[in-house]
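A.B. asks: here is my input, please return the structure:
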Amino acid sequence: MTSCTSPPLIGTGNLKQGCLSGQVAVVTGAGRGIGFEAARALVWLGARVAIAEINPLTGKSAADSINSEFGPPGKACFIRTDVGNARDVRRLAKKLAGTWGGRVDIVLNNATLALVGPIHDTPIRDWDLSYRVNMRGPVLLAQAFLPGMLARHSGTFVCVSSSPGPFMGPYETMKSAQAELANIAAGETENSGVHIFAIGPGIVRTPALAAAMPKLAKLYGKTVDEFFAMSAAHELSPEAAGAGFAAAIALAPRFHGQVLGSKQALHIAGIDLPESEKGQSTVTSPPPALEVMEQAAGLCHEVRATLEEQSQGWQERSMFERQWVVRDFRKEAGMPAEQWLEALARMQDLLSGGDWQGAINLRVPLQQLAHYYQHLAKLAEGYEKDPETRRKSMGIVLNWRKSVLLLEALFNGTANPWNNLPDHS
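C.D. replies: Sure thing, here's the model as predicted:
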């Protein structure tokens, strides 16, 4: 657990201490790791936190640690809870109904179970157990606490997502389902005052991951050190991941219906990570010729303007069509349009200011956006029946893709990138 002598990371950005004052949060699986750090950050933000943890030793220790750090006692309490047990969840809700004003404003579904193995060799009991913790639990929590939030027209309900990867089928499948649970619930609670989203922590060296890592790394054909080196760009400390969860909760109206990552939430909250956690190369790139800088700035402006126009157009569609388009973009492009627009705006500011290295260090995943436009072109190819209309539609989309790839080529130092890509006009 984090030493109470060090200032909490959540306090280093632009969020005001106490901004969640008067609110009550339930954080499941908060006895250690990310959940503990999220609870700790929420208390700094002013919330009182119920640590809903199945392990009585870590749960009580976490509550004692938070109360000791942020005293006087009573900022955090421990309630033993098996999130997959309906009776336990009802008991949790009943206990909280008798304390702290009888309301729960925030639910963070952090409890998880990560089981490792190939799909064909993973016992069905492991799938059942993963469902119980990673999916049934959040549904039970939603049924226990969403009605009160909806009645008050206020509240935040957060699911925790993950990026699908091999050899963790029971975990990744249920985490994907949990993200969709958040997406569906967000659609059902639109304009209700209740904010629902999903957030992923990235790679975090928690006790649970440490236990699973030897087997997982072996399945990848790597040592544990090699696996972590492979994932270094996505790695965060437990404190950073938990602070990201808490920051997203403090900014919940901004993220309704989205799937985001802890790093994005920290960035938006103005919280700067230590260099070791930024996932950036320490190799500096010499600034290019002024002409290249201007080309990059112009392309960035073009890519951003195109996406902004598309995003605005999505809002004019019917609710069901809009939800499908937004979900499809997020899946293929790797993050929501809002985060893309923020990243591109930041990149454009840096390029306009002549900060080439700063723009590179943003590590904006341009290949992901190019992949989305390739995907969109394939959809247009199958949708448009008229050959001429199909040709024009595909040409427009592929030229959007070309602009993204040209921008990436400039960052990669490709010579004469303008001559290396096909014209789709």
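
A.B. asks: let me see the domain layout of the chain.
C.D. replies: 9-277, 290-419 (automatic domain parsing).

A.B. asks: lowest average pLDDT across those?
C.D. replies: Of all the domains of the chain, mean pLDDT reaches its minimum on domain 290-419 (a mean of 86).

A.B. asks: where do the helices sit along the stretch 101-250 of the chain?
C.D. replies: Under the criterion DSSP state H, counting those that start in this stretch, the stretch 101-250 of the chain carries helices at the ranges 124-131, 137-152, 169-188, 207-219, 224-230, 238-250.

A.B. asks: geometrically speaking, which residue is the centre of this protein?
C.D. replies: Nearest to the mean C-alpha position of the chain, counting by C-alpha atoms, centre = their mean, stands G261 at 2.2 Å.

A.B. asks: which residue packs closest to it, ignoring adjacent ones?
C.D. replies: G200 (5.0 Å; C-beta to C-beta, 6 or more residues apart in numbering). Every C-beta, even on glycine, is put in place using the N, C-alpha and C of the backbone.

A.B. asks: so what's the one you found up against?
C.D. replies: Applying C-beta atoms under 8 Å, 6 or more residues apart in numbering to G200 gives the contacts 160-163, 259-262.

A.B. asks: follow-up on the earlier one: do you know how far the residue nearest to the centre of the chain is from P286?
C.D. replies: Per C-beta to C-beta, to the nearest Å, G261 is found 31 Å from P286.

A.B. asks: now swap in V27 and tell me
C.D. replies: The gap separating V27 from P286 is 46 Å, by C-beta to C-beta.

A.B. asks: just give the closest residue to Y171, not the sequence neighbours.
C.D. replies: Using C-beta to C-beta, 6+ apart and skipping the chain neighbours, the partner closest in space to Y171 is A114 (4.6 Å).

A.B. asks: ditto for L45
C.D. replies: L20 (4.3 Å).

A.B. asks: kindly report the same for K95.
C.D. replies: Excluding the flanking residues, the one nearest K95 by C-beta to C-beta, 6+ apart is I79, at 5.6 Å.

A.B. asks: packing partners of whichever helix or strand the one you found is part of?
C.D. replies: Element membership for I79 (DSSP states H and E) is strand 76-80. Judged by 3 or more C-beta pairs under 8 Å, 6 or more residues apart in numbering; DSSP states H and E, strand 76-80 is in contact with strand 48-53, helix 56-70, helix 86-97.

A.B. asks: each with direction, which strands does the shortest one pair with?
C.D. replies: In the sheet, strand 48-53 lines up against strand 24-28 (parallel), strand 76-80 (parallel) (DSSP bridges).

A.B. asks: coming back round to it: isn't the residue nearest to Y171 right up against A208?
C.D. replies: Yes: here A114 lies in contact with A208, judged by C-beta atoms under 8 Å, at a distance of 5.5 Å.

A.B. asks: just to revisit the earlier point, how about JSON lines for the contacts of G200, with distance to R363 added?
C.D. replies: What follows is the contacts of G200, written out as JSON lines (distance: C-beta to C-beta, whole Å):
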{"residue": "V160", "distance to R363": "23"}
{"residue": "S161", "distance to R363": "20"}
{"residue": "S162", "distance to R363": "20"}
{"residue": "S163", "distance to R363": "16"}
{"residue": "V259", "distance to R363": "19"}
{"residue": "L260", "distance to R363": "16"}
{"residue": "G261", "distance to R363": "13"}
{"residue": "S262", "distance to R363": "15"}
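
A.B. asks: just the buried ones from those residues, in ChimeraX syntax?
C.D. replies: Typed into ChimeraX, the line below selects the buried ones among the contacts of G200, using 16 or more other C-beta atoms under 10 Å:
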select :160,161,162,259,260,261,262
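
A.B. asks: closest to M213 among the contacts of G200?
C.D. replies: S162 (15.1 Å; C-beta to C-beta).

A.B. asks: residue contacts, the closest one?
C.D. replies: Contact analysis of S162 by C-beta under 8 Å, 6+ apart lists 171-172, 175-176, 200.

A.B. asks: let's go with 7 Å and repeat that
C.D. replies: Counting by C-beta atoms under 7 Å, 6 or more residues apart in numbering, S162 touches 172, 175, 200.

A.B. asks: what about it, distance to V89?
C.D. replies: 22 Å.

A.B. asks: just checking, what packs against the host helix or strand of L369?
C.D. replies: Secondary structure assignment for L369, by DSSP H and E: helix 366-383. In terms of contacts (3 or more C-beta pairs under 7 Å, 6 or more residues apart in numbering; DSSP states H and E), helix 366-383 is packed against helix 319-333, helix 387-411.

A.B. asks: relative orientation of it and helix 387-411 in degrees?
C.D. replies: 170 degrees (axes from the mean of the first three to the mean of the last three C-alpha atoms, to 10 degrees).

A.B. asks: buried stuff in helix 366-383?
C.D. replies: Using 16+ other C-beta under 10 Å as the test for burial, helix 366-383 gives 366, 369-377, 380.

A.B. asks: make TSV from those and add distance to V194 to it.
C.D. replies: Formatted as TSV, those follow (distance: C-beta to C-beta, whole Å):
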residue	distance to V194
L366	35
L369	31
A370	36
H371	33
Y372	30
Y373	34
Q374	36
H375	32
L376	32
A377	37
A380	36
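
A.B. asks: outside of stretch 176-194, which residues touch it?
C.D. replies: Taking C-beta under 7 Å, 6+ apart as the rule, stretch 176-194 contacts 109, 134-135, 138-139, 142, 149-150, 153-155, 157, 159-161, 164, 196-198, 256-257, 259, 323, 327.

A.B. asks: tell me which residues in stretch 78-86 are buried?
C.D. replies: Buried-residue list, stretch 78-86, by 16+ other C-beta under 10 Å: 78-85.

A.B. asks: which one of the residues you listed is nearest to L398?
C.D. replies: V83 (46.6 Å).

A.B. asks: quick one: contacts for the closest one?
C.D. replies: 28, 52, 89, 111, 133, 137, 140-141.
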